[in-house]
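Student: When you get a sec, could you give me coordinates for this:
(one chain, ligands or ions: 2)
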Amino acid sequence: MEKKLLRKKYRQQRLEMSLQEVEDCSIQIANQLLTLDIWDFKMYHLFLSIEKYKEVQTEFLLHILQGKDKNVVISKSNFKDYSLNHFLLTDDTRIIINKWGIPEPDDTGILIDEKQLDVVFVPLLVSDLKGNRVGYGKGFYDRFLKNCRPTTLKIGLSFVKPLNFEIETNPNDIPLDMLVCPNQIYDFRG
Ligand SMILES: Nc1nc2c(c(=O)[nH]1)N(C=O)[C@@H](CNc1ccc(C(=O)N[C@@H](CCC(=O)O)C(=O)O)cc1)CN2
Ligand SMILES: Nc1ncnc2c1ncn2[C@@H]1O[C@H](COP(=O)(O)OP(=O)(O)OP(=O)(O)O)[C@@H](O)[C@H]1O
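Tutor: Ligands and ions are numbered 1, 2, ... in the order given. Next up is the predicted model:
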């Protein structure tokens, strides 16, 4: 099925969730993550949730990472070329909500190269059973993930389980390794 249609449908479906449901499901996702064997790495990339789009809330995951003394990396978006700059999150990091509603660091922190990342938690609207993903359609994550090491774990966080039919892909698409939903974990690696 075409990405554009899926994007519309799953964007709408998510907007219809109540705030309570968003929060409860986000906590369940964090609890599922705790059962995964992914906690021996050093550098974890995290997205900070866009509240108005009812994204999975990542603050619970952030607390887990901080409790485990992990390095947490967050990004600043450049909407001119749809690229991301990555910064280490520290006590000094100032987070500002930009005009697209994305909480982002200012430009002053420690820049991190994609090759340094061990795990990337990926935002999405919906995926299929091969790990193909539909996002907001600007290609930020496809461009970003292409520059990571092949071994970097790409873990999608989603309220909805994978579709049982294939999403139409294009050559730039980088599939997820895993998807974590409130009630289940999916591993797409062969
Ligand atoms: N929390 C979070 N951060 C993220 C992403 C994400 O999906 N979630 N991204 C994942 O890629 C990038 C940002 N992608 C975005 C793409 C579009 C819009 C957005 O508001 N689009 C408007 C139109 C904006 C315009 O064209 O000027 C819209 O779709 O209505 C927001 C974020 C980087 N950071
Ligand atoms: N590596 C790349 N170089 C140039 N353009 C790219 C690259 N990756 C993706 N794009 C472009 O970005 C857009 C992404 O569209 P797509 O429908 O794949 O978005 P998506 O699956 O929703 O993903 P995302 O969440 O990354 O936006 C397409 O126009 C695609 O051609």
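
Student: can you give me the helices for this protein?
Tutor: Remark: helices assigned in the chain by DSSP state H are 3-15, 19-34, 59-67, 140-146.

Student: list the buried ones in the third one?
Tutor: The neighbour-count check on helix 59-67 (16 or more other C-beta atoms under 10 Å) flags F60, L61, L62, I64, L65 as buried. All C-beta spots, glycine's among them, are computed from the backbone N, C-alpha and C.

Student: I figured the last one hits Y44, correct?
Tutor: Yes. Contact status for L65 versus Y44: in contact at 5.5 Å, counting by C-beta atoms under 8 Å.

Student: Would you point out which residue is most central in this structure?
Tutor: Centroid check for the chain by C-alpha atoms, centre = their mean gives V122 as the closest residue, at 2.1 Å.

Student: Quick check: closest non-adjacent residue to that one.
Tutor: Of all residues beyond its chain neighbours, the one nearest V122 is G156 (4.7 Å), with distances taken as C-beta to C-beta, 6 or more residues apart in numbering.

Student: cool, and V56?
Tutor: L157 (4.4 Å).

Student: Give me the distance between D81 and ligand 1.
Tutor: 13 Å (C-beta to the nearest ligand atom, to the nearest Å).

Student: nope, T169 is what I meant
Tutor: 16 Å.

Student: what's the neighbour count on that residue?
Tutor: 14 (other C-beta atoms under 10 Å).

Student: Now it. Nearest residue, chain neighbours left out?
Tutor: N132 (5.3 Å).

Student: For the one you found, give its distance to V72.
Tutor: Computed as C-beta to C-beta, to the nearest Å, the N132 to V72 distance reads 27 Å.

Student: separation between S83 and C25?
Tutor: Counting by C-beta to C-beta, the gap from S83 to C25 is 30 Å.

Student: In terms of neighbours, single out the busier of those two.
Tutor: Set S83 next to C25 and count neighbours by other C-beta under 10 Å: C25 wins out with 20 against 15.

Student: Can you report how many residues lie near the nearest residue to the more buried one once chain neighbours are set aside?
Tutor: With C-beta to C-beta, 6+ apart as the criterion, C25 has its nearest non-adjacent residue at 4.4 Å, and that residue is P182. Applying other C-beta under 10 Å, we find 20 other residues in the vicinity of P182.

Student: can you pull the contacts of P182?
Tutor: P182 makes contact with D24, C25, Q28, I29, Q32, F159 under the criterion C-beta atoms under 8 Å, 6 or more residues apart in numbering.
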